[in-house]
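Chemist: Give me a 3D structure for the following:
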Amino acid sequence: MKAGLSKSADNYQWSSYNEYLQSSNLVDVDFVLGTMNRDEFERFHNQQSDGSVLDIKEERFRITDDEAKIIIKEVCGIGSSNDFLGLDSTKRNAFIKELREREVYLYDKYPG
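Modeler: As a prediction, this is how the structure comes out:
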């Protein structure tokens, strides 16, 4: 939740949270539920924390692909991903660094 992947653990597609509170089909919940009951487990996961997760701000949620495209076009002054691919590697890497500073990340789609 702090990383911005979901607003709650029960809504996150890959979370085992519901396995502990409802029915357990995939997860062996015995160890955890042997140390606390379901109510304690739920309270534990719903408590607020002042800590941070990695370098991600709590109020920050993932931007949409369309938002990312707008930022990329603004920063790089390009019209399409093909234009980005056509940049020389030095210029492209400088843009990638600036995009990372704005928390826009490109994942293994661009060579170099």
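
Chemist: by contact count, what packs against the helix or strand bottoming out on mean pLDDT in the chain?
Modeler: Within the chain, no helix or strand scores below helix 81-85, which has a mean of 81 by mean pLDDT, DSSP states H and E. If contacts are counted by 3 or more Cβ pairs under 8 Å, 6 or more residues apart in numbering; DSSP states H and E, helix 81-85 sits against helix 65-76. (Each C-beta comes from the backbone N, C-alpha and C, glycine too.)

Chemist: buried sites along stretch 24-37?
Modeler: Within stretch 24-37, the residues that qualify as buried by neighbour count (16 or more other Cβ atoms under 10 Å) are V29.

Chemist: who's in contact with that stretch?
Modeler: Defining contact as Cβ atoms under 8 Å, 6 or more residues apart in numbering, one finds that stretch 24-37 is touched by 16, 19-20, 41, 44.

Chemist: Next, format these as a markdown table and append neighbour count.
Modeler: Below are the contacts of stretch 24-37 laid out as a markdown table (neighbours: other Cβ atoms under 10 Å):
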| residue | neighbour count |
| --- | --- |
| S16 | 13 |
| E19 | 15 |
| Y20 | 19 |
| F41 | 17 |
| F44 | 10 |
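
Chemist: got these as TSV, with secondary structure columns?
Modeler: Shown next, in TSV, are those (DSSP: H, G, I helix; E, B strand; the rest coil):
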residue	secondary structure
S16	coil
E19	helix
Y20	helix
F41	helix
F44	helix
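
Chemist: would you turn these into TSV with distance to S81 and pLDDT?
Modeler: Formatted as TSV, these follow (distance: Cβ to Cβ, whole Å; pLDDT from 0 to 100):
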residue	distance to S81	pLDDT
S16	36	85
E19	39	86
Y20	42	87
F41	44	87
F44	43	85
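
Chemist: Okay then, goodbye and thanks.
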